[in-house]
Structures are given as C-alpha cells and as structure tokens.
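# Generate a structure from the sequence data that follows.
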Amino acid sequence: MPTIEITLRDDAGQVIDGRSVKKYPLDCKMKTFHDIESAVETFKRKVLPDIEADLLEAAQKVFIAGKKKT
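Next comes the predicted model:
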C-alpha cells in the first residue's frame, strides 16, 4: 500500500516535535484518474488539520518559552 510520510522541520532543519513525523496510507484501489483524485482529496481533508494543529502547537511552545524568559 502506498504511503505518504510528512516530517515537519523548522528553519534549522530540526524536526518540530516528535509527533510531527507521520505516515498516511493511501487507498490502494487507485487504478483510474478519478480514483487518484479521490485519494488526494481524502488525503488533504485528513492531513491538513493535523499539520495545522502541529504547527500551532509548536508556535505556542515557542511563545510560552519566550514568555518564561522575560
């Protein structure tokens, strides 16, 4: 089964939080163009909220760490 692996990294190339490395399996019934389009749309609906949540959480951690230093 094909999978897509996403790793979120910061500007220095460091992995953002350990949870940021995720694998998403794709539907293996991708035989036609329509099947591929459907798999991509399903992937986007599933993955984009996860990525947004991870990025917001990482930004919140940086913000809180900055507040503690001041």
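
# For Ile51, pull up the helix or strand it's in.
helix 33-69 (DSSP states H and E).

# now for that helix, which elements pack on it?
Contact here means 3 or more C-beta pairs under 8 Å, 6 or more residues apart in numbering; DSSP states H and E; on that basis helix 33-69 packs against strand 3-7, strand 21-25. From N, CA and C alone the C-beta is placed, and that goes for glycine too.

# Of these, which stretch is the most buried?
Mean neighbour count, computed with mean count of other C-beta atoms under 10 Å, is highest for strand 21-25 among those, reaching a mean of 12.

# What residues sit buried inside the helix holding Ile51?
Counting neighbours by 16 or more other C-beta atoms under 10 Å, one finds that the buried residues in helix 33-69 are Ala39, Asp54, Ala58.

# Flag the shaky bits of the protein, pLDDT-wise.
Scanning the chain for pLDDT under 70 picks out 18-20, 70.

# what residue lies at the spatial centre of this protein?
When the chain is reduced to its mean C-alpha position, the nearest residue by C-alpha atoms, centre = their mean turns out to be Ile51, at 3.7 Å.

# just checking, it touches Ile4?
No - with contact defined as C-beta atoms under 8 Å, Ile51 does not count as touching Ile4 (11.7 Å).

# which other residues reach stretch 24-41?
With C-beta atoms under 8 Å, 6 or more residues apart in numbering as the test, stretch 24-41 has contacts from Met1, Pro2, Thr3, Ile4, Glu5, Ile6, Thr42, Phe43, Lys46, Val47.

# is it possible to export these to JSON lines including distance to Val21?
JSON lines is the format used below for the contacts of stretch 24-41 (distance: C-beta to C-beta, whole Å):
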{"residue": "Met1", "distance to Val21": "18"}
{"residue": "Pro2", "distance to Val21": "18"}
{"residue": "Thr3", "distance to Val21": "12"}
{"residue": "Ile4", "distance to Val21": "12"}
{"residue": "Glu5", "distance to Val21": "7"}
{"residue": "Ile6", "distance to Val21": "8"}
{"residue": "Thr42", "distance to Val21": "21"}
{"residue": "Phe43", "distance to Val21": "17"}
{"residue": "Lys46", "distance to Val21": "16"}
{"residue": "Val47", "distance to Val21": "13"}
